[in-house]
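In: from the sequence below, what's the structure:
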Amino acid sequence: MGERRTVGQPLSEILEEVLAVAGEEDVAIGTLVDQAEERGFGLFMILLALPTMIPILPPGSAALIGLLNIGLAVQMLAGLRRPWLPAWIRRYRLSPSAMRRLRQGGIHVLRKLESLSRPRLLPLPESLVIRVVAFLLLLLGIVLFSPFPFMNTLPGLAILLLGIGLLNRDGLVLMAGAGLSLGILLFVATGAGALYILATTLKRFLAR
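Out: Numbers count the residues shown, from 1 in each chain. Next comes the predicted model:
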């Protein structure tokens, strides 16, 4: 399980091999993360983005997801090769039912994503691409963490696109995610500026 994987090998195949070797035995979360290597960041981004597709999340959920995205972005900016997880999470072993769901559902979803997205149009060095994605993820995580109302679906969609693009090294999807991210950040910055001006004007009016 510790062998070096080829960059072009689909993540679905890597996970399928890990599960095949494990057989009926359970697998630790840390093992799956290690085998995914750098693409584990893209996989985690997708997993964190999916809940934000719900327009109205339970109170505090968007902030928690935003905080997790910020943590993931910091790790990417620090140059980690794979997502860092606390030891107790790495040691956690998937139950037989979770393994079964991963085999039957999770890998199927990954294959679908891989059929829609593939390595293409990635002229920049991979290390630079990862850092650009990390910087955008950091800002989007801050947007999710902030108290802006109804601002989880669009940032979540942007993170989903960035995650898929990073997972499959797909420059086209990455550019779409980056474009949406910049649009969201511009909108938030404009809105924050307008609120600041309004608050300053109101404060001066009340101070008269």
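
In: how about the nearest residue to the residue most central in space within the chain, chain neighbours excluded?
Out: The chain has Met45 as the residue nearest its centroid, 1.2 Å off, counting by CA atoms, centre = their mean. The shortest distance from Met45 to any non-neighbouring residue, by CB to CB, 6 or more residues apart in numbering, is to Gly163 (3.1 Å). In this view, the C-beta of every residue, glycine as well, is placed from N, C-alpha and C.

In: and Val129, what helix or strand is that in?
Out: Applying DSSP states H and E as the criterion places Val129 in helix 126-145.

In: what's the spacing between that helix and its chain's center?
Out: Computed by CA atoms, centre = their mean, to the nearest Å, the separation of helix 126-145 from the middle of its chain amounts to 9 Å.

In: list the helices and strands it packs on?
Out: Applying 3 or more CB pairs under 8 Å, 6 or more residues apart in numbering; DSSP states H and E, one finds that helix 126-145 contacts helix 61-77, helix 153-168, helix 171-207.

In: what's the angle from it to helix 61-77?
Out: In terms of direction (axes from the mean of the first three to the mean of the last three CA atoms, to 10 degrees), helix 126-145 departs from helix 61-77 by 160 degrees.

In: got a list of contacts for helix 126-145?
Out: 38, 41, 45, 52, 62-63, 65-70, 72-74, 76-77, 79, 122, 124, 151-152, 155-156, 158-159, 162, 165-166, 169, 174, 177-178, 181-182, 184-185, 188 (CB atoms under 8 Å, 6 or more residues apart in numbering).

In: any idea which helix or strand in the chain has the lowest mean pLDDT?
Out: helix 96-101 (a mean of 70; mean pLDDT, DSSP states H and E).

In: mind listing residues that contact the following helix or strand past that helix?
Out: Next in sequence after helix 96-101, counting helices and strands by DSSP H and E, comes helix 107-116. Residues outside helix 107-116 that contact it (CB under 8 Å, 6+ apart): Pro10, Leu11, Ser12, Leu15, Glu16, Leu19, Ile46, Ile164, Leu167, Asn168.

In: is the last one in contact with Ser117, as I believe?
Out: The reference is to Asn168. Yes: using CB atoms under 8 Å, Asn168 makes contact with Ser117 at a distance of 4.3 Å.

In: higher neighbour count, those two?
Out: Using other CB atoms under 10 Å as the criterion, Asn168 and Ser117 rank with Asn168 on top: 23 against 18.

In: show me the contacts for the more buried one.
Out: Contacts of Asn168 (CB under 8 Å, 6+ apart): Gly42, Leu113, Glu114, Ser117, Arg118, Pro119.

In: next, count neighbours for Glu17.
Out: Neighbour count for Glu17, taken as other CB under 10 Å: 15.

In: and the one 3 residues further on, by the same measure?
Out: Neighbourhood size, Ala20 [other CB under 10 Å]: 9.

In: for Gln35, see how far away it is.
Out: 12 Å (CB to CB, to the nearest Å).

In: for Met45, same thing?
Out: 17 Å.

In: same deal with Arg100?
Out: Distance of Arg100 to Gln35, given as CB to CB: 19 Å.

In: between these two, who's got more neighbours?
Out: Gln35 (20 against 12).
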